[in-house]
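Undergrad: sequence first, then the predicted structure, then my questions.
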Amino acid sequence: MSGSREMSVASAFAGMTIVAPVMFRAACPDCRSAFELSAGALRLVVGASSRTTFYSFTCPECAASVRKPAGERIVELLTGGGVRALRLHAEA
């Protein structure tokens, strides 16, 4: 193509900044360890009620499965930080 300009990699990415991944603070009720988890280490399940909405993770210290209730604010924070949500459909 005539008149097209080549763009260098440096100019294509000029002005971009590195964004640090979101880390979530958590604690294990079994071993009492406190730690940070990435979004990929958390699982979020959004059910039809507060009783069926929770997040879970595996403790990196003792390998315990931890499940905690998630209210609206927790769901908002987790999804905003990149945690994928599994949405359960209400039975008709």
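TA: Okay, I see it. Numbers count the residues shown, from 1 in each chain.
Undergrad: what is the burial count for residue 56?
TA: For residue 56, the neighbour count with other C-beta atoms under 10 Å is 13. (Glycine included, C-beta is placed from N, CA and C.)
Undergrad: shouldn't it be in contact with residue 41?
TA: No: using C-beta atoms under 8 Å as the test, residue 56 is too far from residue 41 to be in contact (10.1 Å).
Undergrad: the longest helix in the protein is where?
TA: Determined from DSSP state H, the single longest helix within the chain is helix 72-80.
Undergrad: which secondary structure elements does that one contact?
TA: strand 43-46, strand 85-87 (3 or more C-beta pairs under 8 Å, 6 or more residues apart in numbering; DSSP states H and E).
Undergrad: now residue 29. Nearest residue, chain neighbours left out?
TA: Nearest residue to residue 29 in three dimensions, chain neighbours excluded: residue 66, at 6.6 Å (C-beta to C-beta, 6 or more residues apart in numbering).
Undergrad: tell me the secondary structure at the one you found.
TA: Using DSSP: H, G, I helix; E, B strand; the rest coil, the structure places residue 66 in strand.
Undergrad: likewise residue 51?
TA: helix.
Undergrad: ok, and the closest non-adjacent residue to it?
TA: Nearest one to residue 51, counting by C-beta to C-beta, 6+ apart, is residue 69 at 8.0 Å.
Undergrad: I'd say the one you found and residue 53 touch.
TA: Yes: in this structure, residue 69 is within contact of residue 53 by C-beta under 8 Å, at 7.0 Å.
Undergrad: neighbour-wise, which of these two wins?
TA: Per other C-beta under 10 Å, whichever of residue 69 and residue 53 has more neighbours is residue 53, with 20 against 11.
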